[in-house]
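J.: sequence and computational prediction follow.
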Amino acid sequence: MTSNDKDFVFGRHAGLDFLKTQSADRINKVFLQHGVQEDFANQVYALAKKKRLVVQTAPKNKLDRLVAGGNHQGLVLAVSSFEYADLDQLLDEFDQVGKEPFLLMLDSIEDPHNLGSILRSADATGVDAIIIPKRHASGLTSVVAKTSTGAIDYVPVARVNNLVQTTKNLKKRGYWIFGTDMKGTDYRQWNANGKTVLVIGNEGKGIAPLLKKQMDQTLTLPMVGHVQSLNASVATGILLYQMLNSRNPLK
């Protein structure tokens with residue numbers, strides 16, 4: 001069975017069937033209760049291994065909370081109710097029509113409200129697709145969908161295993177990679193024309209060091225107040241409108 005908001009699949013039969021039949025992109029996390037029967041645990045681990053999913057063991061009371069007291073029988077899957085786009089297919093489609101797309105890459109945005117707000121801004125400014133990592137980040141959940149106020153239906157979101165490798169592949173296809181950094185170039189000087197990717201870092205840690213090494217240029221938002229940071233979704237919105245201005249200048 002599933003929870004009311006469709007973000008969880010739980011119960012032994014339903015959980016094992018979902019692991020067997022659904023793609024890894026649909027499964028965000030696998031929770032297995034401490035102390036379940038060894039045969040059952042082995043089944044879960046074997047199926048998760050085939051899909052390269054990490055199994056997280058947890059006490060029964062945590063699983064109870066996840067599914068609001070539902071009969072989980074020791075297995076809960078956090079799943080996505082929404083389909084993800086295939087990045088390679090998207091890139092091929094852009095090339096076929098001669099499009100110079102603007103892509104937004106999110107490095108481990110963990111708050112679903114931030115992701116939903118970013119989706120809303122992305123739709124408003126014409127972002128062609130969003131790239132997120134499969135691990136340590138919010139996926140497409142009902143909370144994201146609600147916060148996006150419908151934008152989730154219009155902006156393709158692709159999940160990838162490794163952001164660093166993805167940026168390398170994008171560079172080979174002619175994309176320029178821009179990221180955010182306190183010591184970067186003033187964002188008002190940013191020329192976002194051409195095949196472009198903007199990388200937004202994690203809410204607390206920013207862009208991971210290995211990923212930051214892949215940047216062709218870093219951008220900063222100048223701040224004159226006392227608080228030297230902005231919410232991730234707010235900062236993203238400002239940068240996206242600079243992109244829109246750059247690519248569609250007033251005549």
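T.: Looks like it arrived, so ask away. Residues are numbered from 1 along each chain as shown.
J.: helix, strand or coil for the residue nearest to Lys134 when sequence neighbours are not counted?
T.: Nearest non-adjacent residue to Lys134, counting by C-beta to C-beta, 6 or more residues apart in numbering: Arg159, 4.9 Å away. Heads up, the C-betas are built off the backbone N, CA and C, glycines and all. Here Arg159 is recorded as strand under DSSP: H, G, I helix; E, B strand; the rest coil.
J.: contacting residues for Arg159?
T.: By C-beta atoms under 8 Å, 6 or more residues apart in numbering, the contact set of Arg159 is Asp25, Tyr84, Ile131, Ile132, Pro133, Lys134, Gly139.
J.: which of these sits closest to Pro209?
T.: Closest approach between those and Pro209, by C-beta to C-beta: Pro133, at 15.0 Å.
J.: can you read off the pLDDT for the closest one?
T.: Listed pLDDT for Pro133 reads 94.
J.: give me the distance between it and Ile177.
T.: 15 Å (C-beta to C-beta, to the nearest Å).
J.: who does the lengthiest strand in the chain touch, helix- and strand-wise?
T.: If you go by DSSP state E, the chain has its longest strand at strand 176-186. The contact analysis (3 or more C-beta pairs under 8 Å, 6 or more residues apart in numbering; DSSP states H and E) places strand 176-186 against helix 163-172, strand 196-200, helix 209-212, strand 217-220.
J.: my guess is Ala145 contacts Ser80, does it?
T.: No - using C-beta atoms under 8 Å, Ala145 is not in contact with Ser80; the gap is 10.1 Å.
J.: just the strands in this protein please.
T.: For the chain, the strands defined by DSSP E cover 8-10, 27-33, 55-58, 75-79, 102-106, 129-133, 157-160, 176-186, 196-200, 217-220.
J.: you'd agree Lys20 is up against Leu47?
T.: Yes - contact criterion C-beta under 8 Å: Lys20 and Leu47 qualify, at 6.2 Å.
J.: please report phi then psi for Gly70.
T.: The phi/psi pair for Gly70 (degrees, to the nearest 10) reads phi -70, psi 160.
J.: any low-confidence regions in the stretch 151-251 of the chain?
T.: Flagging of the stretch 151-251 of the chain using pLDDT under 70 yields the residue ranges 228.
J.: repeat that for 80
T.: Applying pLDDT under 80 to the stretch 151-251 of the chain flags residues 226-229, 251.
J.: give me the neighbour count for Ala208.
T.: 17 (other C-beta atoms under 10 Å).
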